[in-house]
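>>> Sequence isn't available, so here's the structure alone:
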């Protein structure tokens, strides 16, 4: 048996526990992990050199599939370059296993190359952190490795899902001899974690239904990333029970006419907003983009606010929470609908007073029309470009939104009902550091068209997303290039500062043209509405290379249009 | 007084305590820090968008000057992108202050954007981690901020120097109103830290001199980064006391004929190496590149091994340490030379038996000649290219070595005595993630020519080193492009694995041509010795843009030549 057999067996445990994809970053210390992952027949491996990008590519894959993806790196700062993606995975609850090869503990901080303090390096941004033994002669060491690997993989999939770190000290020799055959022990231990169903007792439902029935105005607000199963249930709440469902573009409630409240809740007319005040607020999901929505709820406090989420942390961004319900939203809303449905059947359909529901919908439609007519009449600018992009997205496709302005603009526009577009965004930490890599990861896991809408700062920050040999044909990057962090010219504070150009917006001249030549990527330049229109056809065509559509826009003009837009909705009622 | 006055005053404390350079990464949460640093008349500020590169640019500056450089970023994963540079600074003992803006503690993990767990985020890679208060109404809060800033800056400069982290929670509003004048309080508290001189008591010297006089074969080995003051003293040890001084290229012992032992200590002739065995070994400095040197010492154990370094950690990479001496090498060797000189004066010059010294020097010269004649007769390849580059480096210039193969090759070659070339390399963690950014930082702090010798993996990994508006004219990047991690084809283990091409070497086709066009950088392509020769003239000329010289070499040929070289020295005596 090879000395490193227990390390090789990690690949076998991965494959048996459904960890089917490993991102391998080159290095010597991690060779045994690399070689065994590559040679295992059931594991798909990718070699990515920049660990920062590699981390986000892996995260994008796990985000898209829900399956645990492994990251593997050598010792040293490689591990730290994974950290931004791991923090994002932690807050987005995305299942990942991170294996960081290391020197044996006795060689840490002994002036040997590529050695840092890797134990617990990700702090609170992983669900748990393990360290494997570096000697395997005692059978307990093998038992430990197998047990830890099982625990780690299980943990990634237990709600709240998330990343788990395993530091792997490895002694030389790292490489098998040329004759040595790498084999996998089929008898490796597999420890299953029984799935748990979390249910609410009868008394909860009795109490809750009383609140439900006594609450005149009921409102559902959905945060980041819901499932299609949940969508079907929410559709019934909206269409059969007439409960308004407010959602962001990233909430993926894409089967009902979405109420995107961000636009009209910017109104300064407080009496108008009071009419929208809920008595019972039910929220689910993670973060909400709309600051206007958060302020609206805080100022128009519901009597009851139930938050439905399996995460045990007490998170209260509206500052109005009264009840925390640690079950899945699918179960909660499914069970509630069934109960209400049965009640209606038994007691006869109650006449639903849907004035509140109608008002939300009416306001939403009116705001949408007003916004569209404003954009139709406005010049070529970022806001209009993004509206046109969002409208033109193909059915059954994936939409990756980068952070900063593009996600905010898109959230004012929203997706058409029924086009079955799935939206992803790195809203766990809202960083600009890995949006394009996440989209690459996502595109590698689907045949659908993946459109990544991104600003120039995020694009160039994460340009190493393209520094690999796996770029998928189905990837479409729409780069909105305003040559700087245009957000700083648009939001109130910095635009008035002397430093706005050099220290906030940080003007930069880069365009993607040379970048695309270097990476052998299809490149289209857009300067006006007509060229945009024709470029957007590429979202509907197959190509044999990924495509970058670079949309040049003028930062000052964007700021003017956005200011006009804000003014337009100040008195909205 | 502005609400954020205590935050603005940080700029004043910086300037009064000699923190004169701040790297500012754009963001809203950090606006008060950005604005006050920019407006303070005595602080030089740079705005760099990719925090990973920003961290290394700042580190390169602090490395070059010895002065504390500040890094400032907004909240979220921005802080994590600094981490690789901070780890490097920690192990290289480079003074840095890291200010990470944050949300107030009550908003951590409450689904608010750009929020991660920033408290103590750098773990053991900073000397200390602080958090400032977020409310300033109580005068004790102001006292705390001023005290912490003083402590933090002082700490960066106390041996062992290093990075210190301050997390800075800041409440809205972030921006001053347009009318508000940012002022700095001249009465801000400044707490000086008295400099300490660490001396050794008389008894130590009595004991040590006895060991010195009773030890026949005395050897000095110098690790990473020494000062020119030390060099002057070591020169006396070598030239007057005939003690061999062995050093790496990164040790900067550039005023005596350096003994670069890496070449001849690769000999497998153990009886030859036994003749080089020291009785008394004195080491100073940090890590040593040469693995052959480490193995030689481990196998030829000195009776006494004194390590001279102020760092209190017990670090023993040769595994032979007998005495740890926590004073500066300048004091130790200076005092020792004085004492020995006085002794010689009083007792008459002892006849120095310099057989051991002569043997080291003779072997060193012979090896150097053999290597040079080998390279003169070999084809165009990486090893030869690097020899020619090193030989052609201008006097009084700076040489930045990236990691992986270039630093190893360069360490076999060594610098000519007396050319006054200062060498830098990120050997704290030996990562490939920030070598070019460090060179940019260094070049920004000098008028000398800065030559960065770098392989293609490190170059493209850190390509955002060029994504800023400060690229200095005096920067020369020599990119050795073998289109992959050629090291994996050169070292023994991976070259024999099936996966060498795809998973270790990770072949990539990128060249720097488009990169240089995009960044408006002078570009020269080298394919043979003649074109190299003419390109190297650029190291001796002023230009009005930075220059990238891309040297194309063939990875397989490099591996063959390196194998021949190794064979040549197997029986060296």
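Perfect, I can see it now. Being a predicted model, the structure only gives us computed values, none of them experimental.
>>> CA only for contacts and neighbour counts going forward, please
Will do.
>>> What are the buried residues along the one helix or strand residue A:358 maps to?
Using DSSP states H and E, residue A:358 sits within helix A:355-377. Buried residues in helix A:355-377, counting neighbours by 16 or more other Cα atoms under 10 Å in any protein chain shown, are found at A:356-357, A:360-361, A:363-365, A:367-368, A:370-371, A:374-375.
>>> which secondary structure elements does it contact?
Here helix A:355-377 touches helix A:382-392, going by 3 or more Cα pairs under 8 Å, 6 or more residues apart in numbering or on different chains; DSSP states H and E.
>>> ok, 10 Å please
strand A:218-222, strand A:245-247, helix A:382-392, helix A:405-413, helix A:555-568 (3 or more Cα pairs under 10 Å, 6 or more residues apart in numbering or on different chains; DSSP states H and E).
>>> does the nearest residue to residue A:300 once chain neighbours are set aside sit in a helix or strand, and which one?
Closest residue in space to residue A:300, ignoring its immediate chain neighbours: residue A:277 at 5.5 Å, by Cα to Cα, 6 or more residues apart in numbering or on different chains. Using DSSP H and E, residue A:277 maps to neither a helix nor a strand.
>>> thinking again about what came up before, could you dump the buried residues of helix A:355-377 into JSON lines and include pLDDT and distance to residue A:111?
Listed next are the buried residues of helix A:355-377 as JSON lines, based on pLDDT from 0 to 100; distance: Cα to Cα, whole Å:
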{"residue": "A:356", "pLDDT": "96", "distance to residue A:111": "69"}
{"residue": "A:357", "pLDDT": "96", "distance to residue A:111": "67"}
{"residue": "A:360", "pLDDT": "96", "distance to residue A:111": "65"}
{"residue": "A:361", "pLDDT": "95", "distance to residue A:111": "66"}
{"residue": "A:363", "pLDDT": "96", "distance to residue A:111": "66"}
{"residue": "A:364", "pLDDT": "96", "distance to residue A:111": "63"}
{"residue": "A:365", "pLDDT": "95", "distance to residue A:111": "66"}
{"residue": "A:367", "pLDDT": "96", "distance to residue A:111": "64"}
{"residue": "A:368", "pLDDT": "95", "distance to residue A:111": "62"}
{"residue": "A:370", "pLDDT": "97", "distance to residue A:111": "65"}
{"residue": "A:371", "pLDDT": "97", "distance to residue A:111": "62"}
{"residue": "A:374", "pLDDT": "98", "distance to residue A:111": "64"}
{"residue": "A:375", "pLDDT": "98", "distance to residue A:111": "61"}
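>>> From those, pick the one nearest residue A:456.
Distance to residue A:456, by Cα to Cα, is smallest for residue A:375 among those, at 22.3 Å.
>>> which one is the closest one nearest to, not counting chain neighbours?
residue A:384 (5.7 Å).
>>> Count the residues that sit near that neighbour.
22 (other Cα atoms under 10 Å in any protein chain shown).
>>> Quick one, grab the pLDDT at it.
Per-residue pLDDT puts residue A:384 at 98.
>>> isn't it right next to residue A:561, touching?
Yes. Counting by Cα atoms under 10 Å, residue A:384 touches residue A:561, with 9.3 Å between them.
>>> Need the residues touching each of the two.
A:374-375, A:378 (Cα atoms under 10 Å, 6 or more residues apart in numbering or on different chains).
>>> between those residues, which is closest to chain B?
Nearest to chain B among the shared contacts of residue A:384 and residue A:561 is residue A:375, at 27.5 Å by Cα to the nearest Cα.
>>> now the closest one: how far from residue A:362?
Applying Cα to Cα, to the nearest Å, the value for residue A:375 to residue A:362 is 20 Å.
>>> nearest to residue B:185, of the helices and strands packed on helix A:355-377?
Per Cα to Cα, nearest to residue B:185 of the helices and strands packed on helix A:355-377: helix A:555-568, 35.3 Å.
>>> Which of the three states applies to residue A:324?
The assignment at residue A:324 comes out as strand when based on DSSP: H, G, I helix; E, B strand; the rest coil.
>>> roughly how far apart are it and chain B?
Taking Cα to the nearest Cα, to the nearest Å as the measure, residue A:324 and chain B are separated by 14 Å.
>>> sorry, back to before: closest one of the shared contacts of residue A:384 and residue A:561 to residue A:75?
Using Cα to Cα, the shared contacts of residue A:384 and residue A:561 come closest to residue A:75 at residue A:375, 51.9 Å.
>>> Pretty sure the closest one sits against residue A:565.
Yes. Counting by Cα under 10 Å, residue A:375 touches residue A:565, with 8.8 Å between them.
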